[in-house]
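Asks: Need coordinates for the following:
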Amino acid sequence: MKSRVAIILTLLLFFISSCKGKKVFSDAININLYKDSLICVNLSEYKYSILNSPQVIGAIDRVCFSDNSDVLLKTGKLLFLYSQEGKYITSISRLGRASNEYLSILDFGFKGDFVYLYDMNGKKMMFFDKNGKHLYNYLLPEGIEVKPFQLIIPIGNHYIGKRMYCGFPSFPELSLYDSNFKYIKTINGSNMHLRSGIYLSSQFASYSDESVLYNRLFDTKIYEVKCDTAIVRFNVVFDEKTIDIDAYKDEYEILKEINKKKCAYSTLIDNIEYDCGKLTFSYAYTKDKNGYRIASYDCDSKRSNHYSFNKDEQIAYACAYKGTMYVFTQTEEGRTKLYYVPFPEVANHVCL
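Replies: Coordinates of the predicted model:
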């Protein structure tokens with residue numbers, strides 16, 4: 001009798017622990033992006049601005065928005081500041097070895113009214129005001145023991161960073177840093193580990209006062225990351241073929257497989273934003289002429305849509321911010337245009 005009770009208790013404990021282990025996935029919201037929810041947008045029907053700059057804008061690496069209507073645009077080794085209406089404001093510093101110059105731009109963004117720039121080669125974080133004036137630097141310590149970062153995002157008075165890959169197996173992926181960018185601790189280190197040092201996109205976004213959103217390269221899961229934990233908050237379900245990241249050694253193998261098979265993959269979730277219960281992000285669809293697409297999910301209505309863009313001009317970049325899709329194109333004459341496309345369903349969405 002005792003042995004039977006012991007077996008039942010053991011099975012019960014196993015069942016409870018199994019449920020706890022799966023909870024992060026069962027609580028995740030599935031965002032279904034099927035073919036019947038794809039909306040084709042003709043950019044010719046929407047207004048645009050011509051982006052002027054001191055130098056020709058080449059390939060756009062990344063775009064970042066602030067709450068006070070400013071936009072940072074990185075192209076090559078240059079970082080430009082624009083208004084959301086496309087008016088050029090200033091360049092943020094320049095390439096050089098002076099204390100107010102940078103050797104490289106690995107990451108950048110807004111923190112309040114300030115612009116920060118991460119110069120990995122110069123081993124410093126640089127801060128500027130909204131007019132591009134250099135304010136001060138934080139010099140970063142050197143060496144693997146200080147656990148340096150590749151990408152970083154503010155969270156309260158701290159920062160969450162994606163660690164720099166240093167070639168070691170099972171290297172923890174996310175860490176917490178203090179206001180001076182000093183390493184504090186690993187976040188959820190047993191569940192996520194770096195597999196390569198590849199750098200392809202911006203993987204962080206603000207979510208709440210105490211958390212941020214994070215997407216691993218080529219993954220369909222979007223995590224909510226706090227100072228101690230990272231759990232799956234959203235799972236994107238593409239209708240087209242997706243990539244099982246666990247089936248490959250690292251991200252380089254995934255890229256090799258994509259180029260080899262030339263299949264219609266939906267992948268590389270990027271430019272995540274969460275605002276008033278609405279999640280938006282861009283992603284790549286490898287069979288599109290202009291590979292950028294944008295997706296949206298409304299947490300209230302549980303409605304999801306995604307958008308592709310038609311235009312003879314080359315689409316250089318696409319992202320969304322507070323109810324508007326921003327689509328950058330480049331003409332044969334070398335001009336960069338910025339199109340403004342409102343989400344059709346945003347007019348019925350009320351922020352409480």
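
Asks: From the structure, what's the count of residues near the closest residue to residue 149 other than its chain neighbours?
Replies: Closest residue in space to residue 149, ignoring its immediate chain neighbours: residue 161 at 3.2 Å, by C-beta to C-beta, 6 or more residues apart in numbering. Placement of C-beta: from N, CA and C, glycine included. By other C-beta atoms under 10 Å, the residues close to residue 161 number 24.

Asks: beta partners for residue 161?
Replies: Taking DSSP bridges as the rule, residue 161 bridges to residue 152, residue 175.

Asks: give the contact list for it.
Replies: 149, 150, 151, 152, 153, 174, 175, 176, 177 (C-beta atoms under 8 Å, 6 or more residues apart in numbering).

Asks: Please repeat the previous calculation with a cut-off of 6 Å.
Replies: Neighbouring residues of residue 161 by C-beta atoms under 6 Å, 6 or more residues apart in numbering: 149, 152, 175, 177.

Asks: which residues does the last one contact?
Replies: This points to residue 177. With the criterion set at C-beta under 6 Å, 6+ apart, residue 177 makes contact with 159, 161, 183.

Asks: I'd like to know how far it sits from residue 155.
Replies: Separation of residue 177 from residue 155 (C-beta to C-beta, to the nearest Å): 10 Å.

Asks: With residue 201 instead?
Replies: The gap separating residue 201 from residue 155 is 20 Å, by C-beta to C-beta.

Asks: do the same with residue 239
Replies: Using C-beta to C-beta, residue 239 is found at 34 Å from residue 155.

Asks: try residue 50
Replies: With C-beta to C-beta as the criterion, residue 50 and residue 155 are 36 Å apart.

Asks: between these two, who's got more neighbours?
Replies: Legend: neighbour count by other C-beta under 10 Å for residue 50 and residue 155, higher for residue 155 (21 against 10).

Asks: okay, now residue 186: neighbour count?
Replies: When neighbours are counted by other C-beta under 10 Å, residue 186 registers 17.

Asks: got the contact list for it?
Replies: Residues near residue 186 by C-beta under 6 Å, 6+ apart: 172, 175.

Asks: one more time with 8 Å, if that's ok
Replies: Counted by C-beta under 8 Å, 6+ apart, residue 186 has contacts 172, 174, 175, 176.

Asks: and it, bridged to which residues?
Replies: Counting by DSSP bridges, residue 186 is bridged to residue 175.
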